[in-house]
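Visitor: Below are the sequence and a predicted model; questions follow.
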Amino acid sequence: MANTACFIIVSRNDIPIYEAEVGSAMKKEEAAQQHQFILHAALDIVEDLAWTTSAMFLKAVDKFNDLVVSVYVTAGHTRFMLLHDSRNEDGIKSFFQEVQELYIKILLNPLYLPGSRITSSHFDTKVRALARKYL
Amino acid sequence: MEPDVSFETGSMIRIAVLPVGGSIPHARLRSYVEMLGRHTRIDLSSISSFYSEHQKSPFTHQPWETGSLRFKFMLGGAPPSAWEDFQSCRKILAVIGLCHCPASPDLDLVADQFATASKAYTSALAKRCFAFFPTDSQLEEGDNKRENILLFPPSDQKTQEFHMLTMMQDLAASLLMEFEKWVLRAESAGTILKTPLDSQSSLGSEEFIKAKKRRLARAQKTIGDYCMLAGSPIDANAHYSTAIELARLTGDIFWHAGAMEGSVCALLVDRMDHKDPLLEEEVKYRYYNVIQLYRRSYLQDNAQRVSTVSFELEAALKLARYLCRRELAKEVVDLLMSAADGAKSLIDASDRLILYVEIARLFGTLGYQRKAAFFSRQVAQLYLQQDNACAAMSAMQVLTMTSNAYHVQSRRNSQKMCPSSQDLGASHGDGGKMHPLSIVSLFESQWSTIQMVVLREILMSSVRAGDPLAAWSAAARLLRSFYPLITPAGQSGLASSLANSAERLPSGTRCADPALPFIRLHSFPLHPSQTDIIKRNPQKKEWWTGSAPSGPFIYTPFSKGNISDCNKQELTWIVGEPVQVLVELANPCSFDLMVESIYLSVHSGNFDAFPVSVSLPPNTSKVILLSGIPTKVGAVSIPGCIVHCFGVITEHLFRDVDNLLLGASQGLVLSDPFRCCGSTKPKNMSAPNISVVPPLPLLVSHVVGGNGSTILYEGEIRDIWTSLTNAGTVPIEQAHIALSGKNQDSVISIAHDVLLSSLPLKPGGEVTIPVTVKAWQLSLTDSEFDASKSSSGSARRISKEGSSPLLVIYYAGPWTSPDESNGSGNSVPPGRRLVVPLNVCVLQGLRFVRARLLSMEFPARVSEALPKQIYGENGITEELKSVNQNDSLVKIDPYRGSWGLRLLELELSNPTDVVFEVNVSMQLDSQQSEHGVANFSNEDIDFGYRKTRIDRDYSARVLIPMEHFKLPVLDASFFSKDAQVNNLLGNKFSSTAERNAKAELNASINNLISKIKVRWHSGRNSSGELNIKDATQAALQASIMDILLPDPLTFGFRLGENGTASENIVSPEESSISDNPPGQPGSRNVARAKGSVLAHEMTRMEVIIRNNTKERIKMSLNVSCRDVAGENCIEGNKATVLWAGTLSDISLEAPPLQDITHSFALYFLVPGDYTLLAAAVINDATDVLRARAKSDSSDEPIFCRGSPFHVHVVGTA
């Protein structure tokens, strides 16, 4: 499992709709904030990069110091962003794919307004389990 | 590292600009520097006049036509760099002093100062001191003495600028000549060029030889640098090429890289104007080489002392800046990211600062706002690590720049920048509903965590930098947007930092960013005067009708239904009349919020708002009333409130909160501030269109004698005086009073004429209008029990509130307002409506228990005159009059008798605690008075009954004789209606006739009842009328026919004329005349006992039969006489009465409405009391008669019986 990992889902309106610190390192508030800053900044690059490829998994698109940002863009332009320090690209890809399945289930909920925050605790538990499994 | 590096940096001549002499005023210095700053580029063509070629120029390819020299002004100078030899452009090549003469009178001193200051710049090749605005004396002495001080003669701006241009051209020319000198000297003599990389310590022989070899290459590179500075890229390129070759040979990597960089520079400056992909490829290729070379020159052993990383990074930045275009974004990003990685190896913190600044700038240029913001924040953090106010100020400014990317910008900036979001908000306000997706877009980029961090950093840096307004604004934004994420302690901390910042601000400071509380529009409570504005219809005389729903219904189906208009409420405000708006405030935080003042914010400038002060405890919301006065005609829009809270004045817009609530309802925002304060669900309140109209008249009413309600007993009649005052500034020219509300019939009269006669009512004018009210009857639903009275046993009932009638007064000013312009002439100023409740509290008064119809009969006495016929056509008035005149106590004359007399008995009780006196009166028909005596007009008749006094808690009965209501004629017309009531005939009538008949019957009953008035008095001034209609009607319903209808035949006996057997028909009129006045011929009977008959004497008698129908009636008449025992004493064995004439089966025919008389004589043998009875069987009875007799079958004989007459026979047996 990765030391540091921050997973975030950004809606097509650039709102973070799900955030999770899934790293095994001690959680410090400042670090978490820094992670969000890095992920937020990476959106600019993702914006450009997403249209240059047909692949959903954009691999590592950005880095700051030793932290790498990997991004997965769904068809609805929802972005799964993972900030990590490990180099396990395959694991990250699998993680993203499985999270997308979970996300689709959320989307299928008629009571969920696309673009609003994901508050399902089930989703949260599943994502954390996936993170433990793949990262 | 140096800021702002680019390819052109290498061709820029650095000039230190130093202010000298006395301190220059800030604005002055700025204008001088600005004037200087315009001359960063001096064309070579323009300096040729100042240039003189001393020797042959080394810049053989100098482009005199197209080339130029570039200046870079270093305000305040710069410390010498260690790398000056490596890159000549780092040298300060000239010094310019700026002197403001009025501030420094002694020019000598200035010259000395400048000389000292410029001495520090050893590399400077030219020095000038510009002195502005010299005095006359300074001009005189300055001209001949000092060459290095250039006096700018005082003149206008343009001349000075021209002067400055000339000076700069001169400076450029002299610099160019110096460069030539320097290059010539360097080529010939050669100079030792060193960088910090070259170790001084280990300068062994081997090193020395190496250094000697390298010297040539370095000299060539430096000459190339000077060529660049001199604006001759082709020359520079030649020298750089040589230098590259030499450096490669000698393995001088660092200088190799430098020369290569220079050559790219020269190439680009040479081909400045045309950019082609080939050139770009070339530049890229060479530059990646340069970066590689710099990287290779990185020596591990002296990394601690000097590092070439900064050159590598600068090169990367230069290339990135060159490539910085959207199409090449990926390449630039790679360059910048690797540059950012290099930050770790930079030793100097300020180098890192510069690097991040440059990266942020380049990302910004690329359009990567978020990336730029990220690096800007890194810069700010580096600034914050330095512990001084200047750095904090820089940090604050840098962070403020990032606030846009993080969407936490101050409203002051955002208002100009994103009008689209405002439009979005406005459209929401209009439409009321919004597509969910567009709601989402309202809350784009809500990265709450990082937004909070940024705001907190702005707050921290602005506190450190000593900018209280920025600190206040940041704290306000933080608190307002993110209070749910902040702990109570943190919230209090923010509140105190708001208060601390406000302490340092001058009072009355405004800030664009609102803090707390949250304010939303609650409602526009309609001031009573506003509801009453009524459109005038100039076409109608009754201008108030049809303009407003006048009924009790809010919605009238007749009003023009326009769905789109329904959403938008229309409000009309009047100049000079205060208005009110309800707003709801919420304080979702955990500290007490004190709003020093809050008032409506109106930008249209025609509204005076009144501030109020509110205190909001933690986690509460409050609805408060804000008021103001419109001052000018026009439209008013209320976008929000101005709030003075935490020492700063801010404007809170309703729209923002509306959007916030919308987001909260969709789960997009953290929390709804109103719901968490326990407030109810937001109402969908859209701001109405408010228009202000010119002043209108304003009526104010008050009831004379206090505004409390008037207490009346049921049925009491009282005048209520209402005083109306025009409190407006416009006279009232039209007015009308109408009634509405419950119990409208209780208002008997309104003095319309009083109001009309007082028009026009001037401002301040007053008019008092009497309204006569008769207190209505309390019903069970309408009343409530008075609890205070319950102690005394039975609770009494009083009327409920709101059951009083309302006076509605419509009034309006002149048709055209005085200050109205002709342009809008066709609009009529509206009228108004004043609703004055007639505050009447009705108490239960005299209580009517029941009504009964009693019948009485006692026989009349036979006398010479016919007894008064109770159904007489014209006798009633006479009778009444006589009763009135003679003996009011005796209601019925016992001598006359009364058969079928009916009395209405009213039982009344008095549950109140006052005494009532009851008085019965009757109103007679005009029809009767026509036939009656002329002097008797249609008015109430006091029967002379004593007033009945009813004490408290007692009951009393009042008798009302009903004999005066008989109709004179038995008519078929009546029967058609009477039949159904009794429903005895069983005849089938058509339903229409039936209904008509019923209505007529009811009308006649009502008519009858309305004639009976029961008045009461209580105390000194309470009087009223008892409402007995319903009860009386019930009592009379059954026997109405008997009361109203006469018998078809009536019989009367009278003594015949003495001695004269007059068979004449005596008209009742004659008889009555002869009867009444005592002095008339009939008075001869007076001697005899009234109506007495003597025994043993033939007594002439007459029976008078009157036909009350309109048909001729044939009958057979029988007269019988009975004694006291009831035995027939004419026939039979023991007949005690002898008779003459016929007494039985007398066939008679009575003409319609006429009397017939039948005479006979009786001889009484025994004195005593006898009863005479007449009866007739009607032959060939008509339907009418049958109906009256209530007979079912048509062959039944109709038998008519008269009332008995008493005969008192006196005498001796």
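Guide: Yes, it's here.
Visitor: going forward, measure contacts between C-alpha atoms and count neighbours the same way
Guide: Will do.
Visitor: Would you check how far apart the spatially most central residue of chain B and chain A are?
Guide: For chain B, the residue nearest the mean C-alpha position is B:Phe524 (2.0 Å; Cα atoms, centre = their mean). Here the criterion is Cα to the nearest Cα, to the nearest Å. By it, B:Phe524 lies 34 Å from chain A.
Visitor: Output the below-cut-off pLDDT ranges for chain A.
Guide: Within chain A, the stretches with pLDDT under 70 are A:1-3, A:24-27.
Visitor: can you give me the helices for it?
Guide: Along chain A, the stretches classed as helices by DSSP state H are A:29-49, A:89-108, A:121-134.
Visitor: ok, back up a step: if we ignore the residues flanking it in sequence, what's nearest the residue nearest to the centre of chain B?
Guide: Once flanking residues are discounted, B:Phe524 sits nearest to B:Val581: 4.8 Å by Cα to Cα, 6 or more residues apart in numbering or on different chains.
Visitor: Return the residues of chain A in contact with chain B.
Guide: Contact residues, chain A versus chain B (Cα under 8 Å from any Cα of the partner chain): A:13-16, A:33, A:36-38, A:40-45, A:63-65, A:113, A:115-117.
Visitor: Just the buried residues out of these, in PyMOL syntax.
Guide: In PyMOL, a selection of the buried entries from these looks like this (16 or more other Cα atoms under 10 Å in any protein chain shown):
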select buried, chain A and resi 13+14+15+16+33+36+37+38+40+41+42+43+44+45+63+64+113+115+116+117
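Visitor: ok so, going back, retrieve the pLDDT associated with the residue nearest to the centre of chain B.
Guide: Predicted confidence (pLDDT) for B:Phe524: 74.
Visitor: Between its first and last residues, what's the separation in stretch B:904-921?
Guide: For stretch B:904-921, the first and last residues are 13 Å from each other (Cα to Cα, to the nearest Å).
Visitor: buried sites along it?
Guide: B:904-912, B:915-921.
Visitor: Assumed the residue nearest to B:Phe524 was part of a strand.
Guide: Yes. The assignment for B:Val581 is a strand, going by DSSP: H, G, I helix; E, B strand; the rest coil.
Visitor: That one pairs with what?
Guide: For B:Val581, the beta-bridge partners are B:Leu626 (DSSP bridges).
Visitor: Can you list phi and psi of B:Arg70 for me?
Guide: Backbone torsions for B:Arg70, taken as degrees, to the nearest 10, come to phi -110, psi 140.
Visitor: Pull up the gap between it and chain A, please.
Guide: 36 Å.
Visitor: so how many other residues sit close to that residue?
Guide: Counted with other Cα atoms under 10 Å in any protein chain shown, the neighbours of B:Arg70 add up to 23.
Visitor: Which pair of the buried residues of stretch B:904-921 spans the longest distance?
Guide: Largest separation among the buried residues of stretch B:904-921 by Cα to Cα: B:Leu904 and B:Thr912, giving 24.4 Å.
Visitor: returning to what we had before: which residues does the residue nearest to B:Phe524 contact?
Guide: The contact partners of B:Val581, taken as Cα atoms under 8 Å, 6 or more residues apart in numbering or on different chains, are B:522-525, B:625-627.
Visitor: Would you tell me which one of the residues you listed comes nearest to B:Ala392?
Guide: Within these, proximity to B:Ala392 (Cα to Cα) peaks at B:Leu626, which comes in at 41.7 Å.
Visitor: Just the pLDDT at the residue nearest to B:Phe524, thanks.
Guide: pLDDT at B:Val581 comes out at 81.
Visitor: Helices along the stretch 651-800 of chain B, start to end?
Guide: Along the stretch 651-800 of chain B, counting by DSSP state H, counting those that start in this stretch, helices occupy B:654-665, B:752-757.
Visitor: what's the most buried one of these?
Guide: Sort those by mean neighbour count, taking mean count of other Cα atoms under 10 Å in any protein chain shown, and helix B:654-665 sits at the top with a mean of 20.
Visitor: Figure out how far it is from the centre of its chain.
Guide: How far helix B:654-665 lies from its chain's middle: 19 Å, per Cα atoms, centre = their mean, to the nearest Å.
Visitor: Which elements pack onto it?
Guide: helix B:419-431, helix B:436-442, strand B:518-523, strand B:640-645 (3 or more Cα pairs under 8 Å, 6 or more residues apart in numbering or on different chains; DSSP states H and E).
Visitor: For the closest residue to B:Ile737 other than its chain neighbours, list the residues it contacts.
Guide: In space, B:Ile737 comes closest to B:Ile809 once its chain neighbours are excluded; the distance is 4.4 Å by Cα to Cα, 6+ apart. Neighbour list for B:Ile809: B:735-738, B:833-836 [criterion: Cα under 8 Å, 6+ apart].
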